[in-house]
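**Student:** got a predicted structure plus its sequence, pasted below:
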Protein chains: 2
Amino acid sequence: MSTILVVEDEDAIRDLICMNLEANGFATDAAEDGEEALVKARRHPDLILLDWMLPGLDGLDVLRALKASPETAGIPVIMLTAKGEETDIVLGLEMGAADYIVKPFSNKVLVARVRTQLRRGGETERNDVIRCGALTLLPNERRARLGDDELELTCGEFDLLALLAAHPGHVYTRGQIVARTKGEDYPVTDRAVDVQMVTIRRKLGAWGEHIETVRGVGYRMRP
Amino acid sequence: MSTILVVEDEDAIRDLICMNLEANGFATDAAEDGEEALVKARRHPDLILLDWMLPGLDGLDVLRALKASPETAGIPVIMLTAKGEETDIVLGLEMGAADYIVKPFSNKVLVARVRTQLRRGGETERNDVIRCGALTLLPNERRARLGDDELELTCGEFDLLALLAAHPGHVYTRGQIVARTKGEDYPVTDRAVDVQMVTIRRKLGAWGEHIETVRGVGYRMRP
DNA sequence: CTCCGATTTAACGAAAAGCTAACACGGTTA
DNA sequence: TAACCGTGTTAGCTTTTCGTTAAATCGGAG
């Protein structure tokens, strides 16, 4: 599922946009000013909807900061502008914004535009890599390496490992693991997670120790 | 230099757009109806500006035809629509249009949008030769060679192979494969991909091993 | 040290995913 | 019209993965 970061200072509009996006199957994150936006952009949203008129840092400042950091430069940004800010629009597009939408806009247009950008983002290879100690995961290629050795992981094992490795130190309950690798309300026993964990640990060999069991809670990956 | 195909039935507007683009360093080609557009699209323009209200074939028809042909499907299309054609806009974007501009528009906005699309397009595709190990694909001529032997591939087989070979290592799901070789929402079973894969592998002989099945996900090409 | 609940682990069977042959359909050619 | 080609679907078969069960093991509180 794709996550959209919505940056907009007016509560009502922000909530409306978020609700609308969620109704269409997107996850959302929200920020109400430029600084919050820059912080939350580090969480790797798939797309950012950026209001142009913000208190403090304005849209252009935020966009410039986003494009300046390699970590966030690849995230497509759609500007939200009011009528008559045409100069800003050109500036924004030349600064690297992917698109703009003029307020007021309809829900349908918003969603269609978002989809277009996401589709495109999927096409251009975003070569992201998940690294955690000696472990390297390539989600695009669905390959895993430990040091220089290729690991033979099944689909489910890869997803589970990717979840833990993407957030080292974070503890996930078995329920969360199932929800995030199989989908919400996927009907399985908690034991299923344990079992999969066993085979993963076995495949990781000695390095398997880095997956810690947090008794009574779940599992965590140590970097 | 990039060439833009401008499809617009009103002479005055078409000339205006062309002049404007040329003043900004683009080459232009012009068509005044849908059929002419489809013919001229075969000349590989870098981008198409497509008016939505055309005599005869309308914009949607033209877009559909463009996306249906592998030869032209990759060319980004920006729709030119009048105010209040919101339904059309959504339709167009979902049919694969890259963007839209609402008339009347300023020259600056037009050029900025065109640049945005070209920048994007230029980053990705437009390679004359796709090479992956012993495999060589010539998209322009639609020919394929394995070592020194010419391969007899059907149209669909070529597209599929080109997709995988253009991004070695990258795993594509069956859905993505269909979407990118046949078009978004093309109605086929996933099995269709498997079947095509069988014949491709057979034609590749021993080298077919380089196409790996990633169980639970899709297919991947090993360099 | 003992007990109890939580976790690890092996084993088994069910379910899913993939491969492939056979067939169906529409379009083009002889 | 018949034969052919490209393309999809269907269905049977094989391989792999997944989930449950149940027994063994572990860890910490008392």
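**Tutor:** Perfect, thanks for sending it. Numbers count the residues shown, from 1 in each chain, chains lettered A, B, ... in the order given.
**Student:** can you list the domains in chain A?
**Tutor:** Segmentation of chain A into domains, based on automatic domain parsing, reads A:3-123, A:130-221.
**Student:** what's the neighbour count on the spatially closest residue to residue A:38 that is not a sequence neighbour?
**Tutor:** Once flanking residues are discounted, residue A:38 sits nearest to residue A:65: 5.6 Å by Cβ to Cβ, 6 or more residues apart in numbering or on different chains. C-beta coordinates here come from the backbone N, C-alpha and C atoms, glycine included. Residues near residue A:65, counting by other Cβ atoms under 10 Å in any protein chain shown, number 16.
**Student:** and the one 4 residues further on, by the same measure?
**Tutor:** Neighbours of residue A:69 under the rule other Cβ under 10 Å: 13.
**Student:** with DNA strand C as the reference, measure out to it.
**Tutor:** 37 Å (Cβ to the nearest atom of the strand, to the nearest Å).
**Student:** same deal with residue A:53?
**Tutor:** 46 Å.
**Student:** check residue A:107 too.
**Tutor:** 33 Å.
**Student:** is it true that that residue touches residue A:18?
**Tutor:** No. Applying Cβ atoms under 8 Å as the test, residue A:107 and residue A:18 come out as separate, 11.7 Å apart.
**Student:** on that earlier part again, quick one: contacts for the residue nearest to residue A:38?
**Tutor:** For residue A:65, the contact set (Cβ atoms under 8 Å, 6 or more residues apart in numbering or on different chains) comprises A:34, A:38, A:57.
**Student:** same check on residue A:156?
**Tutor:** A:181-182, A:196, B:216.
**Student:** keep only those of these that are in helices.
**Tutor:** Mapping the contacts of residue A:156 onto helices (DSSP state H) picks out A:181-182, A:196.
**Student:** return the closest of these with respect to DNA strand C.
**Tutor:** residue A:196 (8.6 Å; Cβ to the nearest atom of the strand).
**Student:** which ones are touching the closest one?
**Tutor:** Residue A:196 touches A:156-157, A:160, counting by Cβ under 8 Å, 6+ apart.
**Student:** likewise residue A:174?
**Tutor:** Counting by Cβ under 8 Å, 6+ apart, residue A:174 has contacts A:190, A:193-194, A:218-219.
**Student:** quick check: phi and psi on it?
**Tutor:** phi -60, psi -40 (degrees, to the nearest 10).
**Student:** also residue A:141?
**Tutor:** phi -100, psi -10.
**Student:** what's near enough to touch the nearest residue to it once chain neighbours are set aside?
**Tutor:** Excluding its sequence neighbours, the residue lying closest to residue A:141 (Cβ to Cβ, 6+ apart) is residue B:169, at 4.5 Å. The neighbourhood of residue B:169, defined by Cβ under 8 Å, 6+ apart, consists of A:138, A:140-141, A:143, B:220-223.
**Student:** nearest spatial neighbour of residue A:204, chain-adjacent residues omitted?
**Tutor:** residue A:146 (6.3 Å).
**Student:** show me which residues of chain A are close to DNA strand C?
**Tutor:** Those residues of chain A that sit near DNA strand C, judged by Cβ under 7 Å from any atom of the strand, are A:190-191, A:194-195, A:197-198, A:201-202, A:213-218.
**Student:** could you identify the most distant pair in those residues?
**Tutor:** A:202 and A:216 (23.7 Å; Cβ to Cβ).
**Student:** so for those two, which residue has more residues nearby?
**Tutor:** Taking other Cβ under 10 Å, residue A:202 and residue A:216 do not tie; residue A:202 has more neighbours (9 against 6).
**Student:** quick one, what contacts that one?
**Tutor:** residue A:208.
**Student:** now the helix or strand harbouring it: average pLDDT?
**Tutor:** Using DSSP states H and E, residue A:202 falls within helix A:191-204. For helix A:191-204, mean pLDDT is 92.
**Student:** and what of stretch A:138-146?
**Tutor:** 90.
**Student:** what's the first-to-last distance across it?
**Tutor:** 12 Å (Cα to Cα, to the nearest Å).
**Student:** does that stretch reach DNA strand D?
**Tutor:** No. Applying Cβ under 7 Å from any atom of the strand, one finds stretch A:138-146 separated from DNA strand D by no less than 11.6 Å.
**Student:** what does that stretch rub up against?
**Tutor:** A:125-130, A:134-137, A:150-151, A:153, A:155, A:158, A:161-162, A:204-205, A:207, B:169-171, B:214, B:217, B:220.
**Student:** repeat that with 7 Å
**Tutor:** For stretch A:138-146, the surrounding residues in contact (Cβ atoms under 7 Å, 6 or more residues apart in numbering or on different chains) are A:125, A:127-130, A:134-137, A:150-151, A:153, A:158, A:161-162, A:204, A:207, B:169-171, B:214, B:217, B:220.
**Student:** what about the helices in chain A?
**Tutor:** Under DSSP H, chain A gives helices at A:11-23, A:34-41, A:59-68, A:86-95, A:107-123, A:155-166, A:174-182, A:191-204.
**Student:** which of these sits closest to DNA strand D?
**Tutor:** Per Cβ to the nearest atom of the strand, nearest to DNA strand D of these: helix A:155-166, 2.7 Å.
**Student:** list the buried residues for the closest one?
**Tutor:** A:156-166 (16 or more other Cβ atoms under 10 Å in any protein chain shown).
**Student:** tell me how far residue A:149 lies from DNA strand D.
**Tutor:** From residue A:149 to DNA strand D the distance is 17 Å (Cβ to the nearest atom of the strand).
**Student:** look at that residue and report its pLDDT.
**Tutor:** For residue A:149, the pLDDT comes out at 89.
**Student:** just give the number of residues close to it.
**Tutor:** So residue A:149, with other Cβ under 10 Å, has 10 neighbours.
**Student:** what sits against the closest residue to chain B within chain A?
**Tutor:** Closest contact between chain A and chain B, by Cβ to the nearest Cβ, is at residue A:155 (3.1 Å). Applying Cβ under 7 Å, 6+ apart to residue A:155 gives the contacts B:215-217.
**Student:** tell me the one of the buried residues of helix A:155-166 nearest DNA strand C?
**Tutor:** residue A:156 (10.1 Å).
**Student:** and the closest one, how far from residue B:215?
**Tutor:** 10 Å (Cβ to Cβ, to the nearest Å).
**Student:** how about residue A:22, what does it touch?
**Tutor:** residue A:28.
**Student:** what about 10 Å?
**Tutor:** Residue A:22 makes contacts with A:4, A:28, as judged by Cβ atoms under 10 Å, 6 or more residues apart in numbering or on different chains.
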